[in-house]
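J.: the following block contains a protein sequence and its predicted model.
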Amino acid sequence: MRKETGFNEIIRKVRKELFGKGPERIHTTFVDNMAITMLYGNLTPSEKFLAQELSGKEMVHAARTRMVQKIYPVQFNKELEDYMDSRLLYLFSDIKVEEDIAISVFVFADNITAK
């Protein structure tokens, strides 16, 4: 199994646990000390319904980005760090609600492409 595939499975599991639905498709690229992850098909039916209105779209965006940035480093960093054999330093995350595409950039302490 490619390292990216295992990483994607961790991300899918975490997202499903947090939001009740995992992404339909994930693509991860490792570059130096970063894992850049594109996630497609993230939103639940309820979130899609809420996002039909501007205030709902803003609420979904805020919940998705803040929750990911707050919860990952606290609850899931050990699993990610053990898998990548490197300490997670930073996580940057955003979602484009209209297109249902999210991106997360995980910054690790070490070069993860060399491992």
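T.: All right, it came through fine. Numbering: from 1, shown residues only.

J.: low-confidence ranges, this structure, go.
T.: 1, 115 (pLDDT under 70).

J.: strands of that one, start to end?
T.: 25-31, 34-40, 88-96, 101-108 (DSSP state E).

J.: make JSON lines from the ones you listed and add mean neighbour count and distance to residue 78 to it.
T.: Heads up, the C-betas are built off the backbone N, CA and C, glycines and all. Formatted as JSON lines, the strands of the chain follow (neighbours: other Cβ atoms under 10 Å; distance: least, Cβ to Cβ, whole Å):
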{"stretch": "strand 25-31", "mean neighbour count": "15", "distance to residue 78": "19"}
{"stretch": "strand 34-40", "mean neighbour count": "19", "distance to residue 78": "16"}
{"stretch": "strand 88-96", "mean neighbour count": "16", "distance to residue 78": "9"}
{"stretch": "strand 101-108", "mean neighbour count": "19", "distance to residue 78": "13"}
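
J.: so for residue 47, which of the ones you listed sits nearest?
T.: strand 88-96 (9.9 Å; Cβ to Cβ).

J.: list the strands paired with the closest one, with their directions.
T.: In the sheet, strand 88-96 lines up against strand 101-108 (antiparallel) (DSSP bridges).

J.: what residue lies at the spatial centre of the chain?
T.: Closest residue to the average C-alpha location of the chain: residue 104 at 4.8 Å, with Cα atoms, centre = their mean.

J.: against residue 47, how distant is the residue of the chain most remote from its centre?
T.: Residue farthest from the centre of the chain, counting by Cα atoms, centre = their mean, is residue 53 at 24.3 Å. To residue 47, residue 53 is 12 Å away according to Cβ to Cβ, to the nearest Å.

J.: can you pull out the helices in this protein?
T.: For the chain, the helices defined by DSSP state H occupy 3-19, 45-50, 54-71, 77-84.

J.: mean neighbour count and distance to residue 35 added to the ones you listed, as a markdown table?
T.: Output for the helices of the chain, formatted as a markdown table (neighbours: other Cβ under 10 Å; distance: least, Cβ to Cβ, whole Å):
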| stretch | mean neighbour count | distance to residue 35 |
| --- | --- | --- |
| helix 3-19 | 16 | 6 |
| helix 45-50 | 14 | 25 |
| helix 54-71 | 15 | 14 |
| helix 77-84 | 15 | 7 |
